[in-house]
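Undergrad: Kindly generate the corresponding structure for this input.
(chains A, B and C)
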Amino acid sequence: MPKLTCSEFKSGRRFMGRLPHGVDLIKSIEAFCGETAVAMATFSAIGAVTSVTLGAYDQKQQVYVTYTKEAPLEIVNCTGNISLKDGNPMVHAHILLADMHGKTIGGHLFSETIIYAGEIDLVELAGKPLERAYDTTTGLMLWKGLS
Amino acid sequence: MPKLTCSEFKSGRRFMGRLPHGVDLIKSIEAFCGETAVAMATFSAIGAVTSVTLGAYDQKQQVYVTYTKEAPLEIVNCTGNISLKDGNPMVHAHILLADMHGKTIGGHLFSETIIYAGEIDLVELAGKPLERAYDTTTGLMLWKGLS
Amino acid sequence: MPKLTCSEFKSGRRFMGRLPHGVDLIKSIEAFCGETAVAMATFSAIGAVTSVTLGAYDQKQQVYVTYTKEAPLEIVNCTGNISLKDGNPMVHAHILLADMHGKTIGGHLFSETIIYAGEIDLVELAGKPLERAYDTTTGLMLWKGLS
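TA: The predicted structure is shown next:
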């Protein structure tokens, strides 16, 4: 049976901040990481959006299916990480949203998700950043070089 | 385009604990922070409730819409933070719950959410605590003084 | 009113890793903790499963009700911890999943949850590990010895 493989890090800088009104959730985090030289991190966020683009991976076809909802929704939870893809910080995150009746939708987070207001807790992971590479089993870009 | 603005912290004390049977989720965390002098923190919790009060922000009317469910529900995830409002530690958290069939509801967590059993992972953030102030764009109490 | 009771820890080793294709989610984390001598930890995970076994606690009967879904689903969030039960590292986690339409199910995570691909952020908590013992009020195995 294959094993859970990991890389070990030290806790780096710890940021708490505001996701500003009107920005793209993924792009604003990637821009922040670019400017502050964060190459590897983990984060969670809560808040609200004015629209969201979600998806799920079709494990049979090995493609992402995506859809956009133009609606005010609470971000109940957004859990993600930053690592390197082609040398640049890339966000991988999943998100759960709820409407005014508590009804939820969730999945893989894509760009074209626009913030109404949001709070992010981001922990830099100090050490050699993980890099993504094509995985032939799943068709996904997964971390390579773990042991 | 506005930028993600942050404040940097050191990891402070790290607590793992039990949310006791019968207490109000928010009030018990705020009481703990008051007693242990935690002014700024991030946390996650899992467990179960006997009743929950949830809400979502009506972005058009700029008011919270809330509702209470008197039912045994699992806390699938509760993600939140503590910062200062009027000088006192204030919880801001979102919560996701599920019933016996896995059916979920989620949103902004309010008081009048009563714990059946729960576990909390709370990390104090050492440094100058963030303070909330009225934000004219959203009508919410958001962190001020970030850069 | 009973109080939130906690134990204080130092951040220990911090691992980011891959949940490999085809493994049981809980068993692979417990095996990792056994091999790396992690007795107390907190973690979150995102990814996808090929099948999942979920449950919720029936607070009246004081038993878990479980069910299995054989379906490709996104792990929107999995939040959990590791502590000791009968001297061995035991995972307690809750999980939220979503299908291709964003429809969610969630609850208490059980074994017989099989990974398609997954990423885990696991923080060891250094200090005296918490141990689980039977709690007469709830019928659950909860942490003992907190103050």
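Undergrad: Spatially central residue in chain A, please.
TA: When CA atoms, centre = their mean is applied to chain A, the residue found nearest the centroid is A:A93 (2.2 Å).
Undergrad: wait, that residue sits on A:F110?
TA: No. Using CB atoms under 8 Å, A:A93 is not in contact with A:F110, being 9.5 Å away. (Each C-beta comes from the backbone N, C-alpha and C, glycine too.)
Undergrad: Please, which helix or strand holds the residue lying closest to A:D135 once chain neighbours are set aside?
TA: Spatial nearest neighbour of A:D135, chain neighbours left out: A:L142 (4.3 Å); criterion: CB to CB, 6 or more residues apart in numbering or on different chains. Assigned by DSSP states H and E, A:L142 belongs to strand A:141-143.
Undergrad: And the residue of chain A closest to chain C?
TA: Nearest to chain C in chain A, going by CB to the nearest CB, is A:C6, at a distance of 3.1 Å.
Undergrad: ok so, going back, for the residue nearest to the centre of chain A, what are its contacts?
TA: Counting by CB atoms under 8 Å, 6 or more residues apart in numbering or on different chains, A:A93 makes contact with A:I26, A:F43, A:C78, A:T79, A:G80, A:N81, A:H108, A:L109, C:I46.
Undergrad: Is the fourth one bridged to anything, and to what?
TA: Yep, that's A:T79 we're talking about. The partner list for A:T79 in beta bridges (DSSP bridges) reads A:S44, A:H94.
Undergrad: what about A:E30, which helix or strand?
TA: Using DSSP H and E, the element containing A:E30 is helix A:25-36.
Undergrad: tell me the mean pLDDT for stretch A:31-42?
TA: If you average the pLDDT over stretch A:31-42, you get 97.
Undergrad: So which bits of it are buried?
TA: Neighbour-count burial for stretch A:31-42 flags A:A31, A:F32, A:C33, A:T36, A:V38, A:A39, A:M40, A:A41, A:T42 (criterion: 16 or more other CB atoms under 10 Å in any protein chain shown).
Undergrad: Kindly report the same for stretch A:107-124.
TA: Using 16+ other CB under 10 Å as the test for burial, stretch A:107-124 gives A:107-110, A:113-124.
Undergrad: With stretch A:45-59 instead?
TA: Buried residues in stretch A:45-59, counting neighbours by 16+ other CB under 10 Å, are found at A:45-50, A:52-57, A:59.
Undergrad: orientation of the strand of greatest length in chain A relative to strand B:114-126 in degrees?
TA: Scanning chain A for the strand with the most residues, using DSSP state E, yields strand A:104-126. Taking axes from the mean of the first three to the mean of the last three CA atoms, to 10 degrees, one finds strand A:104-126 and strand B:114-126 inclined to each other by 30 degrees.
Undergrad: is any part of strand A:104-126 close to chain C?
TA: Yes. Strand A:104-126 is in contact with chain C by CB under 8 Å from any CB of the partner chain, via A:T104, A:I105, A:G106, A:G107, A:H108, A:L125.
Undergrad: Close to chain B: what parts of chain A are there?
TA: Close to chain B, as judged by CB under 8 Å from any CB, chain A has residues A:11, A:13-23, A:28-29, A:31-32, A:44, A:46, A:48, A:50, A:72-77, A:96, A:98-100, A:102-104, A:116-117, A:119-122.
Undergrad: Residue of chain A closest to chain B, please.
TA: For chain A, CB to the nearest CB, closest residue to chain B: A:G17, 3.1 Å.
Undergrad: and the helix or strand harbouring that residue with strand B:114-126, angle?
TA: A:G17 belongs to strand A:5-19 when elements are defined using DSSP H and E. Orientation of strand A:5-19 against strand B:114-126 (the same axes, to 10 degrees) gives an angle of 90 degrees.
Undergrad: Adjacent strands (with direction) for strand A:5-19?
TA: In the sheet, strand A:5-19 lines up against strand A:104-126 (antiparallel), strand B:5-19 (antiparallel), strand C:5-19 (antiparallel) (DSSP bridges).
Undergrad: Mind exporting the C-alpha coordinates of it to CSV?
TA: Output in CSV follows, covering the C-alpha atoms of strand A:5-19 (Å, rounded to 0.1, in the frame of the first residue of the first chain):
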residue,chain,number,x,y,z
THR,A,5,4.7,11.1,1.9
CYS,A,6,5.7,14.5,3.4
SER,A,7,8.2,17.3,3.4
GLU,A,8,9.0,18.9,6.7
PHE,A,9,9.0,22.7,7.1
LYS,A,10,9.5,25.3,9.8
SER,A,11,6.8,27.9,10.5
GLY,A,12,7.7,31.0,8.6
ARG,A,13,6.1,34.4,8.7
ARG,A,14,2.5,34.4,9.9
PHE,A,15,0.1,36.9,8.3
MET,A,16,-3.5,37.8,9.1
GLY,A,17,-5.1,40.1,6.6
ARG,A,18,-8.0,41.5,4.7
LEU,A,19,-9.1,40.3,1.3
